[in-house]
Structures are given as C-alpha cells and as structure tokens.
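> pasted the sequence and its predicted model underneath.
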Amino acid sequence: MPHYVAIVEEEEGKAVGVWFPDLPGCISAGDTLDEAMANASEALALWVDVAKEYGRTIPAPRSLAELKRDPEIADELRRYMVAVIPLDTHRFAAT
C-alpha cells in the first residue's frame, strides 16, 4: 500500500489545512487535527478516483527524504507538521 506525505498546516484560530506535494490540487481541511486527517485520507482517494477517470497517471509517492531535497517543498517541511497518509489500493483493484 503506497503512502503519500501530507503537509499539515495548523495555525491557531484557523482550520487545519492538509495538502500533498506529490498530488497537485489534492487538498483538504478540518476544524480539528483529527478531522483534517480523516478528510485528508478521503481527499487522497477522491483525487486518485478522478485521475483514473480521466486516464491520468498517478504519481508515485516520494519519500520524506526526497521531498526534503526538493527546494519547492523543503521550506514547508520545516515550517509545518508532516503526516503520512496511506492509499488503500484495494479500493482501486477492480479499475
């Protein structure tokens, strides 16, 4: 089961935002960290559903070490929390 790194932006007085550096446009949020994590898992699955529907290639997840070497992502990794969200590949076995 692949796991995608998610960047979790948690700031006082704001919703908790979650986005996936390897999946452009895959974002989620929640009023609490728990809610944001649950929503992130659903956003990941929905992003893959739509990509498959349109015949797009699903990018392979990069490791945290690889993302740290990416200058476009490195600053966010220093500023915010990181989560690793699994993609349930059984959901897509029939497609």
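Alright, I've got the coordinates.

> number of residues surrounding residue 19?
Look at residue 19: counted by other CB atoms under 10 Å, it has 19 neighbours. (C-beta placed from N, C-alpha, C; glycine too.)

> for it, give me its contacts.
Contacts of residue 19 were listed using CB atoms under 8 Å, 6 or more residues apart in numbering, and they are 6-7, 9, 26-28.

> okay, and the beta partners of it?
Bridge pairing for residue 19 (DSSP bridges) gives the partners residue 7, residue 27.

> where does it land on pLDDT?
pLDDT for residue 19: 97.

> quick one: contacts for the most centrally placed residue in the chain?
Residue closest to the mean C-alpha point of the chain, counted by CA atoms, centre = their mean, is residue 20 at 3.2 Å. The contact partners of residue 20, by CB under 8 Å, 6+ apart, come to 4-7, 26-27, 40, 43-44, 47, 85.

> just give the nearest non-adjacent residue to residue 39, would you?
What sits nearest to residue 39 in space, not counting adjacent residues and going by CB to CB, 6 or more residues apart in numbering, is residue 28, at 4.2 Å.

> residues near that neighbour, how many?
Neighbourhood size, residue 28 [other CB under 10 Å]: 25.

> so residue 85, which state does it fall into?
strand (DSSP: H, G, I helix; E, B strand; the rest coil).

> correct me if wrong: it contacts residue 40.
Yes: assessed by CB atoms under 8 Å, residue 85 is found in contact with residue 40 at 5.4 Å.

> please enumerate the shared neighbours of these two.
By CB under 8 Å, 6+ apart, the residues touching both residue 85 and residue 40 are 6, 20.

> so residue 59 touches residue 23, yeah?
Yes: Residue 59 lies in contact with residue 23 (CB under 8 Å); the separation is 6.5 Å.

> between the two, which one's more packed in?
residue 23 (19 against 13).

> list the residues that contact the more buried one.
By CB under 8 Å, 6+ apart, the residues touching residue 23 are 4, 44, 47, 59.

> and with 6 Å instead?
Contact analysis of residue 23 by CB atoms under 6 Å, 6 or more residues apart in numbering lists residue 47.
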